[in-house]
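1. Build the 3D model from these lines:
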Amino acid sequence: MTTSAYSPARGSEAVALGRLGSWLVPALVLCVAGFQRRWMSDDGHIYVRTVRQILAGNGPVFNAGERAESSTGTLWQWLLVLAGACGLDIATAAMYGGLLLTAAGFALAGLGALRLRDGGGAPGVGGGGGFFVPCGALVLLALPPVWDFATSGLETGLATCWIAGGWLALLARPRSPWTSALLGLGPLVRPDLALVSVVFLAAQWTMARPSWRGVLAGAGAAGALPVAYEVFRMGYYGHLMPLPGVTKEASRSLWARGAAYFWDFAGPYVLWLPLLLVVAGFLASERPPVRVRGTGRELAPAAAPVVAGALCWLYVVKVGGDFMHGRMFLPGLLLMLLPVFLVPVTRAWGIVVLGVAVWAVACAGVLRVPYEGRIGAGGIADERGVYVRQNAAPHPLHHGFAGQPGNRAYAGLVRARARAGVPTLLLARTPVTGGAPGVTGVYNTLGFSGSVVPLSGAALDPIGLAYPLAAHSEGIDGRVGHDKRLPDEWIVAERGAAELPAGLDPARVDAARRALRCAPFAELRAATRDPLTAKRFWRNLTGAVERTAFRFPNDPVRAEREVCGRGGEWTGGDGAGR
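-> Here you go, the predicted structure:
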């Protein structure tokens, strides 16, 4: 008796293997691409210093003795604390941890796409079967910013994993309170991802239609950690948001600048082409991308990530974008491509995937920004390229800045003054005796400065990412993300230097000293520096809204006249000025 060349068992095995490859291959390709372009950003080193302070027993601060929240990604910060507590090098853990989380996010996105279409669990299990091929995954894998920010030490990898994992949980267990808890973590992954949490939780309600008791249970599960941490943030730091949100004015509207940031991302890669192809495939597909039966319950899992991604892009454009090329658009792009991350093998989708693949080869091979390795005319940087060049290293991790003499000179000066043990304020690389004990370094490149200034000293940035006084100053017309700069007179006055550096106006320094004694300034300093008693925590908590909104003019003379001239009254907390 002869056996047939084909049997149902062999056919099902082939389908299972094909589906296994369809969701694993994009993750593996991402691992290879991300590893080849591995690096650590300066902003990643901002996380590293805070983690070092926590492990040293100084609390979640950037500088000991000053409660400033410089970490935008709360969960990422604490994951790095766990890595450091296990004895791992924090920067290395940040770089490779980001890569692994990004790859895990791609794998989860593939599983979610399979479940969206046939209700199956693991590849080849349940549902309608059939072969699937990458489509949205190809768009992401072709973009250089995706390769770059798979590492970088930032929270991007965690955001990728949370977005894809939350979507998969929404598809697999929409009635579970654990899904609610996972979806509610968006603000702790990154504050602007609260938009994604809201949309995903609304989709969960649409799919599950719980009772009122279920609604309350879901809301409690979703909000427990974010609300508890927000109360801690307000009481401990005295602010409503991480300090970078204050210094970058996260609620402002700069639509024209944001539109330029969008085109800086979409234009060089002709990104509109694959997105148009995907939309065409969606409309013309012989097999709908989700089992649509005309109700919101069936549409919600496919619509939710698209709506959330569009809102994320809209928010990025509204606030004026960012200074890192493409970075802030990556979560939104991933969200909008989730429903078509993998697509079934049909005639319509086959044509679309072929077109996307041709574009992907061109994009990955030749399409690049015109300012590759530099900062562009609009202030947007090829961030990885800049640090590769400045460190003269293909994979910069612990930045030595071999190609940047100014940074090397600053590092040498910091280390020399630290060895001398003389209280020193380094202002524009000019040492001034006096001020706080240890070395106080003032430098724009904050992550680098924080890596060379001892934990017992202070690394200040006039931009305000980790320096509360600078964060509350009024903005100037500068580079996106760097459009605040606290004048040196404020820093000398606030840090108590015993002498004035050459070139500073003594009258402006005296005006800054008088202004700092007015109630709003004194309250800001007390909120971040006074011992954290129960009374101080309560006052920080109740005054957080007013304190977060406080701004003052850069010019010390004008600030003294306008802030102190109003009486300098502080109405937050118990109402008493300091």
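2. Identify the residues contacting the residue lying closest to residue 486 once chain neighbours are set aside.
-> The shortest distance from residue 486 to any non-neighbouring residue, by C-beta to C-beta, 6 or more residues apart in numbering, is to residue 470 (3.8 Å). Where C-beta positions appear, they are placed from N, C-alpha and C, glycine not excepted. Each residue near residue 470 by C-beta atoms under 8 Å, 6 or more residues apart in numbering is listed here: 247, 460, 461, 462, 463, 464, 484, 485, 486, 490.
3. Could you look up the SS state of the closest residue to the fourth one other than its chain neighbours?
-> Once its chain neighbours are removed from consideration, residue 462 has its nearest residue in residue 486; the separation is 4.4 Å (C-beta to C-beta, 6+ apart). Under the three-state scheme (DSSP: H, G, I helix; E, B strand; the rest coil), residue 486 adopts coil.
4. Identify the residues contacting residue 486.
-> Residue 486 neighbours (C-beta under 8 Å, 6+ apart): 462, 464, 467, 469, 470, 473, 554.
5. Quick check: which ranges of this protein have low pLDDT?
-> 1-21, 119-129, 286-296, 429, 566-578 (pLDDT under 70).
6. now with 50?
-> Scanning the chain for pLDDT under 50 picks out 1-6, 120-128, 286-294, 568-578.
7. still on that earlier bit, ok, the residue nearest to residue 486 to residue 247 distance?
-> Using C-beta to C-beta, to the nearest Å, residue 470 is found at 7 Å from residue 247.
8. Overlap of the contact sets of the two?
-> Counting by C-beta under 8 Å, 6+ apart, the contacts common to residue 470 and residue 247 are 463, 464, 484.
9. is it true that the last one touches residue 469?
-> Spelled out, that is residue 484. No. Counting by C-beta atoms under 8 Å, residue 469 is not a contact partner of residue 484; they are 10.8 Å apart.
10. where exactly do the helices run in the stretch 401-550 of the chain?
-> Counting by DSSP state H, counting those that start in this stretch, the stretch 401-550 of the chain has these helices, from start to end: 405-420, 446-452, 468-471, 488-495, 506-516, 519-529, 534-542, 544-549.
11. Which of these sits closest to residue 130?
-> helix 446-452 (47.8 Å; C-beta to C-beta).
12. list the buried ones in stretch 75-82?
-> Residues 75, 76, 77, 79, 80, 81 are the ones in stretch 75-82 that count as buried (16 or more other C-beta atoms under 10 Å).
13. Just give me how far it sits from the chain centre.
-> How far stretch 75-82 lies from its chain's middle: 14 Å, per C-alpha atoms, centre = their mean, to the nearest Å.
14. Name the surrounding residues that touch it.
-> So stretch 75-82 is in contact with 47-48, 50-51, 54-55, 60, 71, 90, 93-94, 97, 154-155, 158, 185, 188-189, going by C-beta under 8 Å, 6+ apart.
15. of these, buried ones?
-> Using 16+ other C-beta under 10 Å as the burial test, the contacts of stretch 75-82 include 47-48, 50-51, 54, 60, 71, 90, 93-94, 97, 154-155, 158, 185, 188-189 as buried.
16. Those in helices, which ones?
-> When those are checked against helices (DSSP state H), the matches are 47, 48, 50, 51, 54, 90, 93, 94, 97, 158, 188, 189.
17. Which helix or strand contains residue 150?
-> Using DSSP states H and E, residue 150 sits in no helix or strand.
18. Name all residues that make contact with the nearest residue to it once chain neighbours are set aside.
-> Residue nearest to residue 150 in three dimensions, not counting chain neighbours: residue 34, with 3.1 Å by C-beta to C-beta, 6+ apart. Each residue near residue 34 by C-beta under 8 Å, 6+ apart is listed here: 99, 102, 103, 147, 150, 151.
19. Could you rerun that using 7 Å?
-> Going by C-beta atoms under 7 Å, 6 or more residues apart in numbering, residue 34 touches 99, 102, 147, 150, 151.
20. Now the residue lying closest to residue 251 once chain neighbours are set aside, what are its backbone angles?
-> Spatial nearest neighbour of residue 251, excluding adjacent residues (C-beta to C-beta, 6+ apart): residue 319 at 7.8 Å. Backbone torsions of residue 319, given as degrees, to the nearest 10, read phi -80, psi 0.
21. And residue 151, by the same measure?
-> Here the main-chain torsion angles of residue 151 (degrees, to the nearest 10) amount to phi -110, psi -120.
22. I'd like the distance from residue 178 to residue 218, if you could.
-> 10 Å.
23. With neighbour numbers in mind, choose between the two.
-> A direct count of neighbours by other C-beta atoms under 10 Å for residue 178 and residue 218 places residue 218 higher, at 23 against 10.
24. looking at this, that one is in a helix?
-> Yes. Judged by three-state DSSP, residue 218 forms part of a helix.
25. That one: what's it in contact with?
-> 177, 180, 210.
26. quick one: the closest residue to the last one other than its chain neighbours and residue 186, what's the gap?
-> With C-beta to C-beta, 6+ apart as the measure, residue 218 is the residue that lies nearest to residue 210, at 6.4 Å, once sequence neighbours are left out. Taking C-beta to C-beta as the criterion, residue 218 is separated from residue 186 by 15 Å.
27. do the same with residue 136
-> Distance from residue 136 to residue 186, by C-beta to C-beta: 21 Å.
28. cool, and residue 143?
-> Going from residue 143 to residue 186 by C-beta to C-beta gives 23 Å.
29. the more surrounded of those two?
-> Higher neighbour count among residue 143 and residue 186: residue 186, with 27 against 24, using other C-beta under 10 Å.
30. The more buried one is in contact with residue 194, isn't it?
-> Yes. Counting by C-beta atoms under 7 Å, residue 194 is a contact partner of residue 186 at 5.2 Å.
31. Correct me if wrong, but residue 240 is in a strand.
-> No. Assessed with three-state DSSP, residue 240 is coil; it does not lie in a strand.
32. quick one: contacts for it?
-> Contacts of residue 240 by C-beta under 7 Å, 6+ apart are 234, 544, 545, 548.
33. Likewise for residue 253?
-> Residue 253 touches residue 318, counting by C-beta under 7 Å, 6+ apart.
34. picking that back up, which of the contacts of residue 34 sits closest to residue 366?
-> residue 147 (14.8 Å).
35. Number of residues surrounding the closest one?
-> When neighbours are counted by other C-beta under 10 Å, residue 147 registers 23.
36. for the one 4 residues further on, same thing?
-> By other C-beta under 10 Å, the residues close to residue 151 number 28.
37. contacting residues around whichever strand or helix holds residue 304?
-> Per DSSP H and E, residue 304 falls inside helix 296-318. Helix 296-318 is contacted by residues 116, 167, 170-171, 192, 195-196, 199-200, 203, 206-207, 253, 255, 258-259, 262, 289-292, 328-329, 331-333, 335-336, 338-339 when judged by C-beta under 7 Å, 6+ apart.
38. Return the members of the residues you listed classed as buried.
-> In these, burial by neighbour count holds for 116, 167, 170-171, 192, 195-196, 199-200, 203, 206-207, 258, 262, 289-290, 328-329, 331-333, 335-336, 338-339, counting by 16+ other C-beta under 10 Å.
39. In helices, which of those residues appear?
-> The helices, defined by DSSP H, take in 116, 167, 170-171, 195-196, 199-200, 203, 206-207, 258, 262, 331-333, 335-336 from these.
40. need the contact list for the closest residue to residue 115 other than its chain neighbours.
-> Nearest residue to residue 115, sequence neighbours excluded (C-beta to C-beta, 6+ apart): residue 171, at 4.7 Å. When the contact criterion is C-beta under 7 Å, 6+ apart, the partners of residue 171 are 112, 115, 116, 301.
41. Appreciated, that's everything.
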